[in-house]
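coordinates for the following, if possible.
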Amino acid sequence: MSGLYIHIPFCASRCIYCGFYSTITPKKAIGTGEVGNGAPYLIDRYTDAICKEMELQKGYIVNKAIANEENSKLKTIYLGGGTPSQLSFRNLQQIFHQITTVYGEILDDYYSMEVTLECNPDDVTDDFASEISELPINRISMGVQTFSNDRLRFIKRRHNAEEIGMAVRRLRNIGIQNISIDLMFGFPQENLDDWKKDIDKALALNIEHISAYSLMYEEGTPLFHLLECGKVKEIDEESYRKMYEELTNRLTNAGFEQYEISNFARIIEGRSTSPYRSRHNSSYWNDTAYLGIGASAHSYNRTSRQWNVSDLKVYIDAIEKGKLPAEKEIIDENTHYNDMITTALRTTEGINTSILPSKLRKYILKAAQPHIKANLLKIDDNHLHLTRNGIFVSDSIMSDLMFV
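A predicted model of the protein is given here:
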């Protein structure tokens, strides 16, 4: 199966930890018409550009279908960012109309597809919910991060804790039965009891999916600057481990399946795997082809990867001239193997060693032996995967398994 990712790089404000490509565009800039110097509104112009890029990139997925490649249908659509909920209803209508127009011949039935929209809780008003109910969106991924108003203010999130529950109720009212939230742990001065309260409140929402990550101090972000200046301090390794163990224990006991290091999906009785796994994100971990549309978006088709320029103006100008502002890398056998190490090994299924070329299969089994003996890796039915202890040192293990 193939996935379509559309990057929406607009945010009304920027979180201090964010390292993704985005640009600040206040709400007042959204809509149609003209501003100051007579230029079209930026978001409308960008929407036009990504719709045109879909045409320019049509062959990236469609040619797979012509070749009758197995599972060549377009199965997932993901609007990420940035903050896709910053788009107007008209923008979203235009995008989905273009998807249907350009990819209609390989587009799976919308009712059977996974169509995800990322949003902020404060954007989920009654009007917003009503509007997206008219679109083929059936999954929402919401950036909650924490239920502490103090911590939300610290990381410069726009919403408050009270708006989270309100957003979930509004989404339920329009029939969204697949809701995911992002959580963060490891804030400066956060303790285990604080984290337990966040987990309690997340479980009380009765949602289908939770992605949980430790707070990262990425170079170039305001948060990293605070760390460099000594104004904040990272949590120690022992505290991180306890928080992560609390997360996995609590969610597992509450009926969630951990299918990737940071991702948990609600289990349905009688199903061997949860139907609420993120099918789109799983394509990244399972070596599935996908097309990325928009500034800074990445695409992958197993033989090459390409990525668009991370500059809004350069991107729009190039697309309007009918040019694709992208760089490309050809993927050889060794690079493909190393990619699998950093993606498939994150999942509970791990790496299927039986599909590797003989040279690389021998290499990985030999390199894995010290970690298997240390109970950090395990092999089940030719699948090499991390143990629970191995998760905590996964970066080191992946480095050891790389083919250099």
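
center of this structure, which residue is that?
With distances taken as C-alpha atoms, centre = their mean, Asn281 lies nearest the centre of the chain, 6.0 Å away.

tell me which element it falls in.
helix 279-285 (DSSP states H and E).

go on, Leu183?
strand 179-185.

what's that strand in contact with?
With C-beta atoms under 8 Å, 6 or more residues apart in numbering as the contact definition, strand 179-185 has outside contacts at 17, 116, 139-146, 155, 164, 168, 171-172, 195, 198-199, 202, 205, 207-215, 243-244, 247, 276, 278. C-beta: built from backbone N, CA, C; applies to glycine.

after that strand, which helix or strand is next?
Past strand 179-185, the next helix or strand by DSSP H and E is helix 192-204.

just the pLDDT for Gly104.
Note on Gly104: pLDDT of 89.

roughly how far apart are it and Lys73?
12 Å (C-beta to C-beta, to the nearest Å).

please say which of the two ends up with more neighbours.
Applying other C-beta atoms under 10 Å to Gly104 and Lys73 shows that Lys73 carries more neighbours, namely 18 against 10.

among the contacts of strand 179-185, name the ones in helices.
Mapping those onto helices (DSSP state H) picks out Ile164, Val168, Leu171, Arg172, Trp195, Asp198, Ile199, Ala202, Met243, Tyr244, Leu247.

contacting residues for Ser211?
With contact taken as C-beta under 8 Å, 6+ apart, Ser211 is in contact with Ser141, Ser180, Ile181, Asp182, Leu183, Ser262, Asn263, Phe264, Ser278.

could you check how far it is from Leu251?
11 Å.

identify the contacts common to these two.
Between them, Ser211 and Leu251 share these contacting residues under C-beta under 8 Å, 6+ apart: Phe264.

what is Leu291 paired to in the beta sheet?
Leu4 (DSSP bridges).

now find how far off-centre the one helix or strand Leu251 maps to is within its chain.
Secondary structure assignment for Leu251, by DSSP H and E: helix 237-253. Offset of helix 237-253 from its chain centre (C-alpha atoms, centre = their mean, to the nearest Å): 22 Å.

same thing with stretch 299-317?
Going by C-alpha atoms, centre = their mean, where stretch 299-317 is centred and where its chain is centred differ by 17 Å.

show me where the stretch 51-200 of the chain has its strands.
74-81, 114-119, 139-145, 179-185 (DSSP state E, counting those that start in this stretch).

which other helices and strands contact the shortest one?
Looking back up the chat, that one is strand 114-119. If you count contacts as 3 or more C-beta pairs under 8 Å, 6 or more residues apart in numbering; DSSP states H and E, strand 114-119 packs onto strand 74-81, strand 139-145, helix 279-285.

tell me the angle it makes with strand 139-145.
Interaxial angle of strand 114-119 relative to strand 139-145 (axes from the mean of the first three to the mean of the last three C-alpha atoms, to 10 degrees): 30 degrees.

returning to that earlier point: send me the helix holding Asn281 as CSV with only the CA atoms.
Extracted C-alpha coordinates of helix 279-285, given in CSV (Å, rounded to 0.1, in the frame of the first residue of the first chain):
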residue,chain,number,x,y,z
ARG,A,279,-1.5,2.8,9.2
HIS,A,280,0.2,5.8,7.6
ASN,A,281,3.1,6.1,10.1
SER,A,282,3.5,2.3,10.0
SER,A,283,4.3,2.7,6.3
TYR,A,284,7.5,4.6,7.3
TRP,A,285,8.6,1.8,9.6
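
does Glu246 touch Leu192 like I think?
Yes: Glu246 lies in contact with Leu192 (C-beta atoms under 8 Å); the separation is 6.5 Å.
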